[in-house]
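S.K.: this is the structure alone, sequence omitted:
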């Protein structure tokens, strides 16, 4: 891969994970100044007026967490997820954010499920599918897309239901709405499933965004075992030109981390 041309993908960087010694608004500015869109997580932890004001400086936001509490697996949790998703939509609209991220269940500050559910029953699958159908309708009426993210349970998120890319894809396919898509996180998929290029090929019609970090360590491409330049070439050959988000910590220098990310995803 080379940095001599423009990337065929829309590249974004999570402001939650780089330049972490800086105030959040300054992280956003740094990412924008280097030509990337910006991703955020829980909007309730940020000054939305401040983030909205940064749009006047040209900042473009790519995605954010699309709920505050709730889960997919039971009626009470589903009601809470739907309620907080509705609260999240006006924030996304104000920030111009097109994709709102979901997980199988609510996560705490350490990324652990608020209520672990290591065993998923048939009833839970049906409840999750029904909830996501309602989420898709909310997205349609609001003009946004909700994206369901796969997570790994071996290292970062033990006890999360509907965690694998295969699980998330099955749910997204069953709803089959353009306003519900897959947030395919290749870091999590490498730990949980592997075979990343074929996974991308299988999921391609339903991908809303791809997120990346290397394994092990969850740092930028080039610091671990994933051949991200090969993945990028395969994505181009498949015809994928959508968003790719760096959801990774900087192994050392954040500037170097962003440069490595751009290089990996620029043919």
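M.R.: All right, it came through fine. No experiment lies behind these values; they were computed from the predicted model shown. Numbering: from 1, shown residues only.

S.K.: all helices for the stretch 101-250 of the chain, in order.
M.R.: Along the stretch 101-250 of the chain, the stretches classed as helices by DSSP state H, counting those that start in this stretch are 122-142, 165-175, 186-192, 196-203, 228-238.

S.K.: got a pLDDT number for the spatially most central residue of the chain?
M.R.: With distances taken as CA atoms, centre = their mean, the residue of the chain nearest its centroid is residue 183 (5.0 Å). Per-residue confidence at residue 183 stands at 98 (pLDDT).

S.K.: quick check: bridge partners of it?
M.R.: Residue 183 has the following beta-bridge partners by DSSP bridges: residue 149, residue 209.

S.K.: thinking again about what came up before, highest mean neighbour count out of the helices of the stretch 101-250 of the chain?
M.R.: helix 186-192 (a mean of 24; mean count of other CB atoms under 10 Å). All C-beta atoms are positioned from the backbone trio N, CA, C, and that covers glycine.

S.K.: which parts of the chain are strands?
M.R.: 10-14, 37-39, 61-65, 99-102, 145-149, 180-185, 207-212, 243-246 (DSSP state E).

S.K.: I figured the residue nearest to the centre of the chain was touching residue 149, is that so?
M.R.: Yes - counting by CB atoms under 8 Å, residue 183 sits close enough to residue 149 to count as a contact (3.8 Å).

S.K.: now do the shared contacts for those two.
M.R.: Overlap of the contact sets of residue 183 and residue 149 (by CB atoms under 8 Å, 6 or more residues apart in numbering) consists of 101-102, 168, 211.

S.K.: save the residues you listed as JSON lines, and put in distance to residue 12 and pLDDT too.
M.R.: Output for these, formatted as JSON lines (distance: CB to CB, whole Å; pLDDT from 0 to 100):
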{"residue": "101", "distance to residue 12": "12", "pLDDT": "98"}
{"residue": "102", "distance to residue 12": "17", "pLDDT": "98"}
{"residue": "168", "distance to residue 12": "20", "pLDDT": "98"}
{"residue": "211", "distance to residue 12": "9", "pLDDT": "98"}
